[in-house]
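K.L.:
Give me a 3D structure for the following:
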Amino acid sequence: MRIEAIDLLRGFAILGLPTMNMIAFSMPMSAYMNPTSFGQDDYLNHFLFSFFHLFSDQKFMGLFSLLFGASTLLLATKTSTDSKSPLFIHYSRMFWLFVIGLLHSVYLWEGDILALYALLGCLIYPLKDLSIKWLFFMASIAMGGAVLSSIVDVSTPLMGENEILAINVAYQPSTIDIQQAIGLYQGDYQQIQRMLLNHVIGEHQPNRLIDSYVLVGLLRAFSMMCLGMALFKLRLLQGAYSRDFYLRLCVTLFIIAMPVIGFGLFYNYSQQWSLASFARYGSMANVLGSVPMVVAYIALLNLFLMSDKAKLLKFSVQQVGKMALTNYLMQSLICALVFYGYGLGWYGELSRLQLLPIIFVLWIVQLILSTWWLKYFKQGPVEWGWRMLTYQRWQHPLR
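P.N.:
Have a look, this model is predicted:
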């Protein structure tokens, strides 16, 4: 039996991912971290960067990670009556998810999260029987590690010249660096796929700034998965509490989260987005403040689910959530065809403002397509294939 609140939360998370991922698809990676590194240096560029930093960056990914942990617990309960053991089913699911993620990162986009989630899914499964208190403790320890890992000293003399160059390219690339990136991503498929493969196998210059980002992402995702398990056991995700409770929770956590995230944004602007300041303290506030913001979103969406308004929209977002894996991969395929050289080749050509209509069209496509598909089929096409690989038997696709 599906849980409506979780489908709505997952659909919301999936639709939110392009608000940040599209920056990574369409611009040099520095634009994701530093609004002064690429594009027009005007008020609109900074406004849009600040808005999505406050409400999107690490929030939708955090919610997605949290729901992954909750789903691990939910599926372990559901498969306890299956002929195969829940342990076998879970690790079979994670193996095939890792394969899907690896193929995604090699052939479409280096920003894949599925392989990482599969590895973390193997680690969190033994934690499913922990008490709520211990799950909160594990989440806190991992998030503390993420916050500490976000502090990077880029001024140390121990760094070699190549690493200093790689860090500058990642955070504040020169005009030549930007043109090289644009030329690479506007190349043909073989050229881009070779670059993706090199990224996966680790053929790049040492870069402690990017390595720190990877470590922070890993610890943050693990923390949110543990938190998702705890909140599922508390039935907070499932809408089991009153409207007043969710309203108070939403308001309280927004009041906590916004000053924390806003302070980090203010600090970076006060330091003119200098590399040393950003690497040492500039990203810490968003790592920390995203946690209460994610839970505030959960409370807000449960309030939305309890209301009688926008029923069609709620239903359509839930359909997106029911085929989240398909929609996640579809987003990568569409973005690759729009921005990379083997498609329209718009990489490096659009501003943040010009990306908004593309995001909006992508939302409409996925809302309509998901609703249509699930009228006739039980699952999304990728979910169907994943399920067959997991259970090693034929799964009837039609309703």
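K.L.:
avg pLDDT for the lengthiest helix in the chain?
P.N.:
Determined from DSSP state H, the single longest helix within the chain is helix 243-270. Averaged over helix 243-270, pLDDT sits at 97.
K.L.:
Over to stretch 152-161?
P.N.:
Mean predicted confidence for stretch 152-161 is 73.
K.L.:
who's in contact with it?
P.N.:
164, 167, 206, 208, 209, 212, 275, 276, 279, 280 (C-beta atoms under 8 Å, 6 or more residues apart in numbering). C-beta here means a position set from N, CA and C on the backbone, and glycine is covered the same way.
K.L.:
Is there a quick ChimeraX command that grabs whichever of the residues you listed are buried?
P.N.:
Buried residues among the contacts of stretch 152-161 (16 or more other C-beta atoms under 10 Å), as a ChimeraX selection:
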select :164,167,208,209,212,275,279,280
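K.L.:
if we can go back for a sec, okay, buried residues for the longest helix of the chain please.
P.N.:
So helix 243-270, judged by 16+ other C-beta under 10 Å, has buried residues 246, 249-250, 253-254, 256-258, 260-262, 264-265, 268.
K.L.:
for stretch 46-56, same thing?
P.N.:
So, applying 16+ other C-beta under 10 Å, buried residues of stretch 46-56: 48, 49, 50, 52, 53, 54, 55, 56.
K.L.:
helix or strand right after the longest helix of the chain?
P.N.:
Per DSSP states H and E, the first helix or strand lying C-terminal to helix 243-270 is helix 275-277.
K.L.:
Check which helices and strands that next one sits against.
P.N.:
helix 161-171 (3 or more C-beta pairs under 8 Å, 6 or more residues apart in numbering; DSSP states H and E).
K.L.:
for the helix it packs on, which positions count as buried?
P.N.:
Neighbour counts over helix 161-171 (16+ other C-beta under 10 Å) mark 163, 164, 166, 167, 168, 169, 170, 171 as buried.
K.L.:
and of the residues you listed, the nearest to residue 107?
P.N.:
Closest to residue 107 out of the buried residues of helix 161-171 is residue 170 (23.4 Å), distances taken as C-beta to C-beta.
K.L.:
rewinding a little: among the buried residues of helix 243-270, which one sits closest to residue 151?
P.N.:
Once C-beta to C-beta is applied, the member of the buried residues of helix 243-270 that ends up nearest residue 151 is residue 264, at 12.6 Å.
K.L.:
Could you check how far the closest one is from residue 253?
P.N.:
17 Å (C-beta to C-beta, to the nearest Å).
K.L.:
Name the residues that touch the helix or strand hosting residue 65?
P.N.:
For residue 65, the element it lies in under DSSP H and E is helix 59-78. By C-beta under 8 Å, 6+ apart, the residues outside helix 59-78 that reach it are 3, 6, 9-10, 12-14, 16-17, 19-20, 86, 89-90, 93, 113, 117, 120-121, 124-125, 128, 220-221, 224-229, 231-233, 237, 290-291, 293-294, 297-298.
K.L.:
list the buried ones in that helix?
P.N.:
For helix 59-78, using 16+ other C-beta under 10 Å, the buried residues are 59-76.
K.L.:
between that helix and helix 243-270, how many degrees?
P.N.:
140 degrees (axes from the mean of the first three to the mean of the last three C-alpha atoms, to 10 degrees).
K.L.:
next helix or strand past helix 59-78?
P.N.:
Following helix 59-78 in sequence, per DSSP H and E, is helix 86-107.
K.L.:
and for that following helix, what are the contacting residues?
P.N.:
72, 75-76, 79-80, 82, 111-119, 121-122, 125, 193, 196-197, 199-200, 325, 329, 332, 382, 386, 389-392.
K.L.:
Give me the subset of these that lies in helices.
P.N.:
Using DSSP H, the contacts of helix 86-107 in helices are 72, 75-76, 114-119, 121-122, 193, 196-197, 199-200, 325, 329, 332, 382, 386, 389-391.
K.L.:
Could you identify the buried members of those residues?
P.N.:
72, 75-76, 114-119, 121, 196, 325, 329, 332, 382, 386, 389-391.
K.L.:
what comes into contact with stretch 343-362?
P.N.:
Contact partners of stretch 343-362, identified using C-beta under 8 Å, 6+ apart, comprise 18-19, 22-23, 25-28, 38-40, 44-45, 48-49, 178, 181-182, 185-186, 331, 334, 336-341.
K.L.:
Which members of these are positioned in helices?
P.N.:
18-19, 22-23, 25-26, 44-45, 48-49, 178, 181-182, 185, 331, 334, 336-339.
K.L.:
Of those, grab the buried ones for PyMOL.
P.N.:
Burial among these is assessed by 16+ other C-beta under 10 Å; the matching PyMOL selection reads:
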select buried, resi 18+19+22+23+25+26+45+48+49+178+181+182+185+331+334+336+338+339
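K.L.:
Give me the pLDDT value at the residue nearest the centre of the chain.
P.N.:
Centroid-nearest residue in the chain: residue 61, 2.8 Å away (criterion: C-alpha atoms, centre = their mean). With respect to pLDDT, residue 61 scores 96.
K.L.:
repeat for the one 5 residues further on
P.N.:
Predicted confidence (pLDDT) for residue 66: 98.
K.L.:
Phi first, then psi, for the closest residue to it other than its chain neighbours.
P.N.:
Of all residues not flanking residue 66 in the chain, residue 228 sits nearest, at 3.7 Å (C-beta to C-beta, 6 or more residues apart in numbering). When read as degrees, to the nearest 10, the backbone of residue 228 gives phi -60, psi -40.
K.L.:
Now do the contacts for residue 228.
P.N.:
65, 66, 67, 68, 69, 70, 71, 73, 237.
K.L.:
please redo it, this time with the cut-off set to 10 Å
P.N.:
The contact partners of residue 228, taken as C-beta atoms under 10 Å, 6 or more residues apart in numbering, are 6, 9, 62-74, 124, 135, 139, 236-237, 294, 298.
K.L.:
With residue 238 instead?
P.N.:
3, 4, 5, 6, 9, 70, 74, 231, 232, 302.
K.L.:
one more time with 6 Å, if that's ok
P.N.:
Contacts for residue 238 (C-beta atoms under 6 Å, 6 or more residues apart in numbering) come out as 3, 5.
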